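Participant: this is the structure alone, sequence omitted:
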């Protein structure tokens with residue numbers, strides 16, 4: 001009988017957004033929404049599967065910025081305050097929708113928000129890393145890392161030390177949060193350039209992911225296509241994304257999320273209801289924002305939206321999970337006629353697709369794991385397990401690639417955002433200069449300054465800022481983030497040249513951005529980089 005494996009890879013990432021200088025900050029809401037709609041629901045799925053003795057394997061990135069936000073006391077407390085307001089709103093909604101066709105959905109929200117409170121506060125002590133670590137320790141999920149701040153590696157490679165700093169800081173951050181070293185990495189935007197594997201190997205990374213064409217256009221034609229990993233020359237493995245399974249879930253037009261029974265994302269009471277009612281539950285400045293209370297289903301294009309039915313939507317996730325299993329079984333059946341090993345189908349997605357953009361996504365994952373558990377032809381697997389089973393693989397170098405629009409760098413390098421890179425490169429060169437000038441300084445104050453400069457540069461390099469400038473969502477905020485961090489970096493550089501950085505200035509920078517308390521500016525030094533053979 002034909003047999004194959006599916007590697008479900010969920011990439012969980014948000015940029016580090018923390019603004020203690022404001023009582024509330026609009027973009028911090030991205031994190032709070034994701035906890036309610038994606039991260040807690042995924043943990044509930046894992047718990048349900050374990051309780052029902054359903055064996056499953058999911059590979060999951062939890063990026064360093066997300067780890068740092070999960071463990072930040074300020075953000076934890078702000079989230080609980082935000083959640084309590086939403087629970088209060090859910091009680092008002094039960095009253096408002098009583099005896100209407102929306103009442104069942106209002107009940108769903110009231111129950112869900114209380115569950116989120118219980119899971120977040122009582123079960124995991126306000127730090128969801130405790131939950132994800134629990135399931136990794138059980139062997140059910142494999143958590144991989146990502147560059148320290150989701151830096152775009154192919155666009156940083158003019159300074160190898162800058163690439164090293166992203167990887168070294170990420171590995172140390174992972175060790176801090178999970179108590180072990182990461183086996184794999186999701187390079188930001190699934191981006192790869194030939195040679196990146198050299199840095200990955202030096203920090204113990206065994207595998208990474210590339211988009212389909214990264215494998216298909218490899219230096220030597222891949223014998224098994226994307227259905228088996230390639231080894232780079234140094235033994236680090238590259239796994240390629242399967243287009244068919246990705247499109248089936250990812251595409252709003254061709255995929256499952258666009259089904260008419262699923263919840264409509266854009267219709268939210270934060271915009272629909274009168275301001276005197278909804279005012280206390282949106283931004284304190286009166287800016288209308290998403291509340292998460294949405295009562296309509298997708299229905300269809302150019303027609304009046306119909307009320308959402310949670311039961312019908314859940315039943316549809318069962319149907320779609322069964323369809324996904326069927327298609328992968330047929331895929332494996334065909335591939336087994338061409339291969340002398342069990343194929344691996346790698347299906348990577350942004351984790352926030354499940355629950356945030358596609359509300360029923362966590363239910364789909366739950367039902368999919370159960371479908372695959374019952375399948376005689378399919379099993380779930382992590383990349384580490386597959387490499388253990390098949391440790392002899394073809395050697396070749398993947399091609400430069402990303403999973404962005406058109407497959408290369410256009411999203412992150414165009415005439416709307418290209419101005420940022422000259423600043424990134426100059427700051428990376430300056431950081432290298434200082435790390436070489438003050439190697440492993442024993443001056444505690446100078447070390448604080450240099451570590452803070454490294455912190456400012458890393459945050460500025462977050463690929464999300466360039467992405468936002470291209471997509472046009474919150475461009476003003478992205479531009480401000482890049483400029484403010486680069487400005488602070490350069491101000492500290494100039495102050496050092498003039499004799500020193502004032503304590504009050506340094507303290508304010510450290511207070512504002514607490515990310516990476518374990519950071520070591522020596523990651524940028526030539527001696528440090530060459531010591532690791534990079």
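Facilitator: Now that the structure is in, tell me what you want to look at. Every value quoted in this text rests on a predicted model; they were computed, and no experiment measured them.
Participant: show me where the stretch 401-534 of the chain has its helices.
Facilitator: Applying DSSP state H, counting those that start in this stretch to the stretch 401-534 of the chain gives helices spanning 419-437, 444-460, 463-471, 475-498, 503-512, 526-531.
Participant: the ones you listed: which one's closest to residue 201?
Facilitator: Of all the helices of the stretch 401-534 of the chain, it is helix 526-531 that lies closest to residue 201, at 13.5 Å by Cβ to Cβ. C-beta here means a position set from N, CA and C on the backbone, and glycine is covered the same way.
Participant: quick revisit: mean pLDDT lowest where, among the helices of the stretch 401-534 of the chain?
Facilitator: Confidence, taken as mean pLDDT, is least for helix 526-531 of these (a mean of 70).
Participant: just name the shakiest helix or strand of this protein by mean pLDDT.
Facilitator: Using mean pLDDT, DSSP states H and E, the weakest-scoring helix or strand in the chain turns out to be helix 526-531, at a mean of 70.
Participant: what's the following helix or strand after whichever strand or helix holds residue 115?
Facilitator: Using DSSP states H and E, residue 115 sits within helix 103-117. Next along the chain after helix 103-117, taking DSSP H and E as the criterion, comes helix 129-137.
Participant: and for that next one, what's in contact with it?
Facilitator: By Cβ atoms under 8 Å, 6 or more residues apart in numbering, the residues outside helix 129-137 that reach it are 43, 46, 50, 60, 62, 67, 70-71, 119, 123-124, 141-143, 177-179.
Participant: make a ChimeraX selection of the buried ones in the residues you listed.
Facilitator: A single ChimeraX command suffices to select whichever of the contacts of helix 129-137 are buried according to 16 or more other Cβ atoms under 10 Å:
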select :43,46,60,62,67,70,71,119,123,124,141,142,143,177,178
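Participant: what about the contacts of helix 129-137, which are in strands?
Facilitator: 60, 62, 141-143 (DSSP state E).
Participant: what helix or strand is the closest residue to residue 116 other than its chain neighbours on?
Facilitator: For residue 116, ignoring the flanking residues on the chain, the nearest one in space by Cβ to Cβ, 6 or more residues apart in numbering is residue 40 at 4.8 Å. Using DSSP H and E, residue 40 falls within helix 40-51.
Participant: which strands and helices sit next to that helix?
Facilitator: helix 103-117, helix 129-137, helix 361-373 (3 or more Cβ pairs under 8 Å, 6 or more residues apart in numbering; DSSP states H and E).
Participant: quick check: mean pLDDT across that helix?
Facilitator: On average, helix 40-51 scores 98.
Participant: and what of stretch 134-145?
Facilitator: For stretch 134-145, the mean confidence score works out to 98.
Participant: now swap in stretch 58-74 and tell me
Facilitator: 98.
Participant: circling back to that earlier point, what residues of the helix holding residue 115 count as buried?
Facilitator: Under 16+ other Cβ under 10 Å, the buried positions of helix 103-117 are 103, 105-106, 109-110, 112-113, 116-117.
Participant: and the gap between residue 485 and residue 510?
Facilitator: 13 Å (Cβ to Cβ, to the nearest Å).
Participant: more neighbours: which of those two?
Facilitator: Remark: of residue 485 and residue 510, residue 485 carries more neighbours, 23 against 15, as counted by other Cβ atoms under 10 Å.
Participant: check contacts around the nearest residue to that one once chain neighbours are set aside.
Facilitator: Spatial nearest neighbour of residue 485, chain neighbours left out: residue 460 (3.8 Å); criterion: Cβ to Cβ, 6+ apart. Shown in contact with residue 460 (Cβ under 8 Å, 6+ apart): 420, 423-424, 427, 481-482, 485-486, 489.
Participant: same thing but at 7 Å, please
Facilitator: 424, 482, 485-486 (Cβ atoms under 7 Å, 6 or more residues apart in numbering).
Participant: what's the most distant pair in the ones in strands among the contacts of helix 129-137?
Facilitator: Taking Cβ to Cβ as the measure, the ones in strands among the contacts of helix 129-137 have their most distant pair in 62 and 142, spaced 11.0 Å apart.
Participant: domain ranges for this structure?
Facilitator: 7-406, 415-531 (automatic domain parsing).
Participant: ok, longest strand in this protein?
Facilitator: strand 4-12.
Participant: which other helices and strands contact that one?
Facilitator: When contacts are defined as 3 or more Cβ pairs under 7 Å, 6 or more residues apart in numbering; DSSP states H and E, strand 4-12 sits against strand 58-62, helix 310-335, strand 344-350, strand 378-380.
Participant: wait, residue 229 sits on residue 394?
Facilitator: No. With contact defined as Cβ atoms under 7 Å, residue 229 does not count as touching residue 394 (8.5 Å).
Participant: so between the two, which is more surrounded?
Facilitator: The neighbour comparison of residue 229 against residue 394 (other Cβ under 10 Å) goes to residue 229, with 26 against 14.
Participant: for the closest residue to the more buried one other than its chain neighbours, name its beta-bridge partners.
Facilitator: Leaving out its chain neighbours, the residue that sits closest to residue 229 by Cβ to Cβ, 6+ apart is residue 237, at 4.3 Å. Counting by DSSP bridges, residue 237 forms beta bridges with residue 207, residue 231.
Participant: closest to residue 36 out of the ones in strands among the contacts of helix 129-137?
Facilitator: Nearest to residue 36 among the ones in strands among the contacts of helix 129-137, with distances taken as Cβ to Cβ, is residue 62, at 17.0 Å.
Participant: is that closest one bridged to anything, and to what?
Facilitator: residue 12.
Participant: isn't it right next to residue 14, touching?
Facilitator: No. Using Cβ under 7 Å, residue 62 is not in contact with residue 14; the gap is 10.4 Å.
Participant: before we move on, back to that, overlap in contacts of residue 62 and residue 142?
Facilitator: Joint contacts of residue 62 and residue 142 (Cβ under 7 Å, 6+ apart) do not exist.
Participant: tally of neighbours for residue 278?
Facilitator: 20.
Participant: how far out from the middle of the chain is the helix or strand it falls within?
Facilitator: Using DSSP H and E, residue 278 maps to helix 275-278. Relative to the chain's own centre, helix 275-278 is displaced by 34 Å; criterion: Cα atoms, centre = their mean, to the nearest Å.
Participant: next one: stretch 81-91
Facilitator: Centre-to-centre, stretch 81-91 and its host chain are 26 Å apart (Cα atoms, centre = their mean).
Participant: mean confidence for that stretch?
Facilitator: On average, stretch 81-91 scores 97.
Participant: mind listing what's buried in the helix holding residue 278?
Facilitator: residue 278.
Participant: average pLDDT across that helix?
Facilitator: pLDDT averaged over helix 275-278 gives 94.
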